[in-house]
Structures are given as C-alpha cells and as structure tokens.
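sequence below, structure please.
(one chain, ligands or ions: 1)
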Amino acid sequence: MTSLSNLPIRDDLRGKTPYGAPQKTVPVALNVNENTHPIPDDVAADIVAAVANAVHGVNRYPDREFVELRESLARYLGHDLTPAQIWAANGSNEVLQHVLQAFGGPGRTALGFAPTYSMYSLLAAGTGTQWLAGPRDDDFELSAETAVREIQRVDPDIVILCAPNNPTGTPLSIETIAAVYEASRGIVVVDEAYAEFMPTGSPSALSLLPGRERLLVSRTMSKAFAFAGARVGYLAADAAVTDALRLVRLPYHLSALTQAAAVAALAHSDEMLAMVGEISAQRDRLVTELAALGYLPHRSGSNFVLFGGVRDPHATFQSLLAQGVLIRDIGIPGHLRVTAGTEAETTAFLTALASLGHADE
Ligand code: PMP
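Numbers count the residues shown, from 1 in each chain. Here you go, the predicted structure:
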C-alpha cells in the first residue's frame, strides 16, 4: 500500500499531521466548542424555506460577491461597518486561509502566542508561511509588554491574536490588541470566534477598526450562532483588505445554499443567540465545580474551560469517554478542555468526572 511518505508531496508538508479532533458519536459531545443547543424550530423553518427558494437558482453560479450576506453581517456587527468592509467564507478557517494566502506565503512569517488555536500553524504550513510561536505570561494571559517584546524581536509579517484564546479560554484586553497594532508593521488578525461569550459590554476589537487599515477582526457563525454545520465565517476590516482577499478566493466560493441559509439565520440573530447567556452560565458553573472537585480551571471568556490538575489526561479522557462523555485532550501536560453544554450535558460531564475520584495534583 502507498504511504504518505512515498508520495511526491511538498517537502514542507512531509511529516505533518492533519487537524484531528476526534469525531465520535457519543451521548455527550463537549469536545469541539460547538453550541450544543439546536437552533429554534421556527428559525429552522425559515432557513429551510430560504434554502428551498435558492435551490431553484442553482443552475446558475451564486453571487460571487455575496452582497446580501455582507449586508446582513454588517448589520449584525454594527460599529458603523459597511458591506464593503465585510468578507466571508466557508468557516473562519477559510477566512484565515484567505488572509494567509494574501498576506503570508513563502518568505513571510506569522506570529501567534502559544498555546493557541492549532489551525493557525496548519494554515501557515499550507500557505508556505513560516509560523512563529511566541510566549504567554503566567496562567496563559498575554500582556501588552510580552506581546510587544516578541513582535519587536521577530518582526512578523502577520500577527494572529485569538481573543478569547482557544484552547485556554483566556480573554485578551483591548489594550494588548492596540499595543500589538502599534508595535507591528504588518497585518494584525484578531480571531474573535468566541467573542459573543465574553461578559456583556466587553469591548471588541471591532471598536479599534477606524483608522487601523492593517487590523482584521475575524468571527464565525459556528459557535454562539449554533451554525457550525453550515460553515460560515466572516471578517471585518478596511475595504481595501476585503478587496485584496478577492485575489485569492476561489470564484463562487460561497454556495447559493450557504448564502441563503446564512442570510435567513442572521435575520433571526436574537433567537439564534438566545442560548449564549445560558451557555456562559454553564461555563461559569464548570469553573466553580471543577475547582470544587480539586481541579485548576483557568479563567474563560469563551464557551469552554481548560482545566489543570489532571494527573493523567489521557486516562481521564478515556474514562469519561467510556461513560459517554467526549471532551478534548489538547496536549497541554496535566490539562483537559471541556465545552460548556446544555445544563444536562454539563451535569453529565461533572458527574462522570466526579465518579473518577478527586483530582490529585
Ligand atoms: N478560530 C478559533 C479560535 C476556533 O476555535 C475555531 C473553531 N474551533 C475557528 C476559528 C474556526 O471555526 P469555523 O471554521 O467553524 O468558523
């Protein structure tokens, strides 16, 4: 049988492993930071009607500039954004890939602060961009001083900030983001995939956009919006940036069905986001109860919690799986990550974990 190493694959991809969160059918899946609440029935009916209508037009290519979707996203984001400042693609992973294709590439570097979202280094590899992993402060925080020092040291072409950060949940202050922008000469991407789970009133990097033409704020409908399966991510930036991204996207990259579904969902933003408060409450409950069980949960502004104090993460992961609860071993020694689910799912996780006995580290 042919193995990967026998193929004439690019040298820079040799030995790399693909993104690999396990996909298993289990009663309680809390491993990939999805919104575990299904979308409301009346919204689902509207989306189905919109998609059914769009089907009649699929003999033609879809709107290459996804104008209606851009209008809907600009309206949703607010901050006086115009449709020309919005970009969208099949998940924010594809949005980030477009950014690296347009602004990274061979001979260029992208800097992130580890541990951070594992797809950044893979997207960098796929686009021939050199990935640089900078440090964080204690407890996975990222101060302006630490970030700026690293930017001055490595002078990256692109900086990717994850706010709040996956897999640690750590919020990022608007001051750090502003300082990173001032210190860098290149593109600064703020990945706000989990922004809706931050406490109400928390400032978004969107508020920094005016006058900062190198700043890009990426978002997704996969998390708070409960739309992961539909694959819609987006970005807000200067109109010149979105124009640049048109150079690297495939023509008609957003299908007519995707565009119709997303526009219909965005027309019901309030209902789609109705469970965000409940999810954040379950996240806070996880932090409290994990600590009570003797684990060391980290501060989280997202819909998941990273917790330390796990003596054997692999064994704990497997024992939970045996009880039908799938969480995530993200490879940080002594740590596991769990997504905040419904109240019942969160209870199932906490009960299964408690049944394993006390944390002992
Ligand atoms: N950014 C971060 C920080 C994420 O955690 C994820 C999903 N796990 C994504 C981007 C990508 O999400 P999507 O492609 O579904 O929009």
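
tally of neighbours for the residue lying closest to L4 once chain neighbours are set aside?
Of all residues not flanking L4 in the chain, R14 sits nearest, at 8.0 Å (Cβ to Cβ, 6 or more residues apart in numbering). The way it works is simple: take the backbone N, C-alpha and C, and place the C-beta from them, glycine included. R14: 10 surrounding residues under other Cβ atoms under 10 Å.

show the low-confidence segments of the chain, by residue range.
The chain contains residues with pLDDT under 70 at 358-361.

sec struct for P333, please.
coil (DSSP: H, G, I helix; E, B strand; the rest coil).

excluding residues flanking it in the chain, which one is nearest it?
Excluding the flanking residues, the one nearest P333 by Cβ to Cβ, 6+ apart is P313, at 7.6 Å.

isn't that neighbour up against I327?
No - applying Cβ atoms under 8 Å, one finds P313 not in contact with I327, separated by 9.7 Å.

who's more crowded, the two?
A side-by-side neighbour count of P313 and I327, using other Cβ under 10 Å, places I327 first with 25 against 21.

tell me the contacts of the more buried one?
Applying Cβ atoms under 8 Å, 6 or more residues apart in numbering, we find I327 in contact with L30, N31, F317, L320, L336, R337, V338, T339, F349.

from those, pick the one nearest V276.
Closest approach between those and V276, by Cβ to Cβ: T339, at 13.6 Å.

bridging residues for the closest one?
F304 (DSSP bridges).

for the stretch 1-150 of the chain, give the residue positioned nearest to the ligand.
Nearest residue of the stretch 1-150 of the chain to the ligand, counting by Cβ to the nearest ligand atom: G91, 2.6 Å away.

burial of that residue, as a residue count?
Neighbourhood size, G91 [other Cβ under 10 Å]: 21.

from what I can see it touches R231, true?
Yes - using Cβ under 8 Å, G91 makes contact with R231 at a distance of 4.6 Å.

now do the shared contacts for those two.
Shared contacts of G91 and R231 (Cβ under 8 Å, 6+ apart): S222.

could you work out the most separated pair of the contacts of I327?
Spatial extent of the contacts of I327 (Cβ to Cβ) is set by the pair F317 and T339 at 13.7 Å.

what about the two, which has more around it?
T339 (28 against 19).

which parts of this protein belong to which domain?
For the chain, the structural domains run 4-30+275-354, 41-270, going by automatic domain parsing.

give me the number of neighbouring residues for E34.
Neighbour tally, E34, other Cβ under 10 Å: 18.

how about it, secondary structure?
Quick answer, by three-state DSSP: E34 is coil.

once you drop chain neighbours, what's closest to it?
Per Cβ to Cβ, 6+ apart, closest to E34 is A228, 5.1 Å.

my read: V67 touches P83, true?
Yes - at 6.6 Å, V67 counts as touching P83 under the criterion of Cβ under 8 Å.

tell me which of those two has more neighbours.
Just comparing V67 and P83: by other Cβ under 10 Å the higher neighbour count belongs to P83, 18 against 13.

how many residues are close by Q23?
9.

that's a helix at it, yeah?
No - Q23: not assigned to a helix; according to three-state DSSP it is coil.

distance of it from N35?
17 Å (Cβ to Cβ, to the nearest Å).

what would the contacts of I327 look like in CSV with secondary structure and distance to T2?
Formatted as CSV, these follow (DSSP: H, G, I helix; E, B strand; the rest coil; distance: Cβ to Cβ, whole Å):
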residue, secondary structure, distance to T2
L30, coil, 37
N31, coil, 31
F317, helix, 32
L320, helix, 37
L336, strand, 36
R337, strand, 35
V338, strand, 39
T339, strand, 37
F349, helix, 41
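
need the helices for the stretch 1-150 of the chain, in chain order.
Using DSSP state H, counting those that start in this stretch, the helices of the stretch 1-150 of the chain run over residues 41-55, 67-77, 92-103, 119-126, 144-154.

tell me the most buried of those?
helix 92-103 (a mean of 23; mean count of other Cβ atoms under 10 Å).

got the contact list for it?
87-89, 110, 119-120, 123-124, 126-127, 129, 157-158, 160, 186-187, 189, 191, 193, 216, 218-220, 222, 231, 233-235, 244-245, 247-249, 253.
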